[in-house]
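Generate coordinates for the sequence data below:
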Amino acid sequence: MSHRLNILAIESSGSPLSIAVLKSDSTQPQQFFLKSSNETTRSSEVIVPMISEVLQEALLEPKDLHAIAISQGPGSFTSLRVGMSVAKGLSLALEVPIIALPTLTLFYRYSLSLSPLQEKTIAYRLAIQHLKSEEFYYALFQEGAFKDAIDTGYATASEIIALVKAVQNEKQTKCDLVVKESNLAQRFFSDLDPLLLTGLTAESMLEWASEKYLAKEFADTETLIPLYIKEFEARKSNKSVFSKKM
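Reported below is the predicted structural model:
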């Protein structure tokens, strides 16, 4: 990248809360700066100081930013809304565009950097995000880099397992499960040998955000809201998560 581009990314869909900055210009290689916190229940208190700290570390002022990237969800209701509000506030105050990245697609893209899909071996990948208790958001992706999900929804842990097995039986191919939290992977999905995304942070958003910036794929700051696959008040799903033909 030969031109100057500074992007601030906010990942507040779950734990850890993280803030990252991409700093680049024609005189030096790209630089990345990251701050993370496990205090997601105090996201409204810690997020602004974290942004200040990461900008100071990057030797940037808010006015030096060219765009704000936000992990759009689904995810933690409160933390997601806090991150979205801060991102929109910065976008409006600085008069810079906002770039919205659907969280489960972010998970999928990041999983490809860890373990690419192999033709005739792994044709599907199911990314999940914890909602609460034994409920999860999910998005199913078919082989082909960075395509949109072919199915989304929410389900219990047992339904997620059933969906993975149903895809494998229906398509006669492997379906990888992609999980961010190692404790949840061990608790609910150890038999599926899930692919763990424990290294995913706001820094993982910056390559995709840069692509969207160059393509001028910006969200409308005024109308942008968190992406929820279902309403906030969670209830057990009674539907079959593999009720339709793929």
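
gap between residue 215 and residue 186?
When distance is defined by C-beta to C-beta, to the nearest Å, residue 215 is 39 Å away from residue 186. From N, CA and C alone the C-beta is placed, and that goes for glycine too.

what's the answer for residue 213, then?
37 Å.

Counting neighbours, go ahead and name the busier of residue 215 and residue 186.
Taking other C-beta atoms under 10 Å, residue 215 and residue 186 do not tie; residue 186 has more neighbours (12 against 8).

any idea how far residue 221 is from the residue nearest the centre of the chain?
For the chain, the residue sitting closest to the mean C-alpha position, by C-alpha atoms, centre = their mean, is residue 103 at 2.7 Å. Residue 103 sits 19 Å away from residue 221, taking C-beta to C-beta as the criterion.

hang on, the earlier thing: residues contacting the residue nearest to the centre of the chain?
Residue 103 makes contacts with 13, 71, 72, 73, 74, 75, 129, 227, as judged by C-beta atoms under 8 Å, 6 or more residues apart in numbering.

Tell me which two of those residues sit farthest apart.
Across these, the longest distance by C-beta to C-beta is 11.7 Å; it joins 72 and 129.

and the top helix by length along the chain, what does it pack onto?
Determined from DSSP state H, the single longest helix within the chain is helix 77-94. Contacts defined by 3 or more C-beta pairs under 8 Å, 6 or more residues apart in numbering; DSSP states H and E place helix 77-94 against strand 5-11, helix 43-57, strand 67-73, strand 98-102.

Quick check: which of the ones you listed is nearest to residue 174?
Closest among those, using C-beta to C-beta: strand 98-102, at 23.9 Å.

And that closest one, how far out from the chain middle?
10 Å (C-alpha atoms, centre = their mean, to the nearest Å).

what is the rounded mean pLDDT of that strand?
Strand 98-102 shows a mean pLDDT of 97.

Follow the chain on from it and name the next helix or strand.
Following strand 98-102 in sequence order, the next helix or strand is helix 103-114 (DSSP states H and E).

how about low-confidence regions in this structure?
1-2, 118-121, 144-146, 230-246 (pLDDT under 70).

50 - rerun?
The chain contains residues with pLDDT under 50 at 1-2, 232-246.

so how many other residues sit close to the residue lying closest to residue 158 once chain neighbours are set aside?
Excluding the flanking residues, the one nearest residue 158 by C-beta to C-beta, 6 or more residues apart in numbering is residue 134, at 7.7 Å. Counted with other C-beta under 10 Å, the neighbours of residue 134 add up to 16.

got a list of what residue 134 touches?
Counting by C-beta under 8 Å, 6+ apart, residue 134 has contacts 156, 157, 158, 188.

So the first one sits against residue 135, correct?
Looking back up the chat, that one is residue 156. Yes - the pair residue 156 and residue 135 qualifies as a contact (C-beta atoms under 8 Å) at a distance of 5.8 Å.

what about stretch 3-11, distance to the chain center?
16 Å.

now do stretch 13-21
Here stretch 13-21 is found 10 Å from its chain centre; the criterion is C-alpha atoms, centre = their mean.

repeat for stretch 109-126
Relative to the chain's own centre, stretch 109-126 is displaced by 16 Å; criterion: C-alpha atoms, centre = their mean.

Mind listing what's buried along it?
109, 110, 111, 117, 122, 123, 124, 125, 126 (16 or more other C-beta atoms under 10 Å).

The fifth one and residue 173, how far apart?
The gap separating residue 122 from residue 173 is 7 Å, by C-beta to C-beta.
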